[in-house]
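Enquirer: Next comes the sequence, and after it the predicted model I'd like to discuss.
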Amino acid sequence: MAPESQNDNNETELGITDKEDIEALKQALSAEKEKTENYLASWQRAQADFINYKRHAEQEKQEISRFANSALILSLLPILDDLERAFVSMPPELAKLDWIEGIRLIGRKLRSNLESMGLSPIQALGEPFDPRLHEAVRQDNGKEGIIIGEVNKGYKFHDRVIRPSQVVVGNGQQADEEKAG
């Protein structure tokens, strides 16, 4: 009986060892599953971050290409202003000359080309003063907060102000003509 009893003992020890091995394997498997889930979650975060980075970089690239010409356009605005001032101050007898009309045509062509690139004038006269669009250079008699004069025309480029309008704003005191009437 001794050999049989020893055999049972070995089987019992093998059974205990197998159970311990199974438990150790289950714990190792659980630890590996946890690592795998962490790696997957990290990979998903990295993928989402990369997608967001690509989207942001593409938006930035579009923004840069859209506004790349703004410096050039801004440098052309004084020329446009000078042309407008020249036409306004021109004596009527010169205004009828053919070469003056040719210069007017050049001015219109310049304005139309700039507008096709995204330039648009800011409306000022008669509008309420808006510090995002207008720069007040002085106040004068007129309806309070309303623009009554434009010293220098302002412009937007693709809905972004590149030069605010320099304006004269009413101070709330009525002009002499309005008081008398």
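Expert: Cool, got the structure. Quantities reported herein were computed from a predicted structural model and do not represent experimental measurements.
Enquirer: Please count neighbours and contacts with C-alpha atoms only from this point.
Expert: OK.
Enquirer: Tell me the secondary structure at Leu114.
Expert: Per DSSP: H, G, I helix; E, B strand; the rest coil, the local secondary structure of Leu114 is helix.
Enquirer: what's the neighbour count on it?
Expert: Neighbours of Leu114 under the rule other C-alpha atoms under 10 Å: 16.
Enquirer: how is this structure carved up into domains?
Expert: The chain breaks down by automatic domain parsing into domains covering 1-67, 69-117, 120-181.
Enquirer: Endpoints of the second one, how far apart?
Expert: It refers to domain 69-117. One end of domain 69-117 sits 8 Å from the other (C-alpha to C-alpha, to the nearest Å).
Enquirer: Check the offset of that domain from the chain's centre.
Expert: In this view, domain 69-117 has its centroid 30 Å away from the chain centroid, taken as C-alpha atoms, centre = their mean, to the nearest Å.
Enquirer: Likewise for stretch 41-59?
Expert: Distance, centroid of stretch 41-59 to centroid of chain: 20 Å (C-alpha atoms, centre = their mean).
Enquirer: before we move on, the earlier item: tell me which of the domains of the chain sits most buried.
Expert: Across these, averaging neighbours per residue (mean count of other C-alpha atoms under 10 Å) puts domain 120-181 on top, at a mean of 17.
Enquirer: Report the central residue of this structure.
Expert: Taking C-alpha atoms, centre = their mean, the centroid of the chain lies closest to Glu63, which sits 6.9 Å from it.
Enquirer: Would you mind giving the secondary structure of that residue?
Expert: Using three-state DSSP, the three-state assignment for Glu63 comes out as helix.
Enquirer: re earlier: could you dump the domains of the chain into CSV and include mean pLDDT?
Expert: Listed next are the domains of the chain as CSV, based on pLDDT from 0 to 100:
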stretch, mean pLDDT
domain 1-67, 83
domain 69-117, 91
domain 120-181, 88
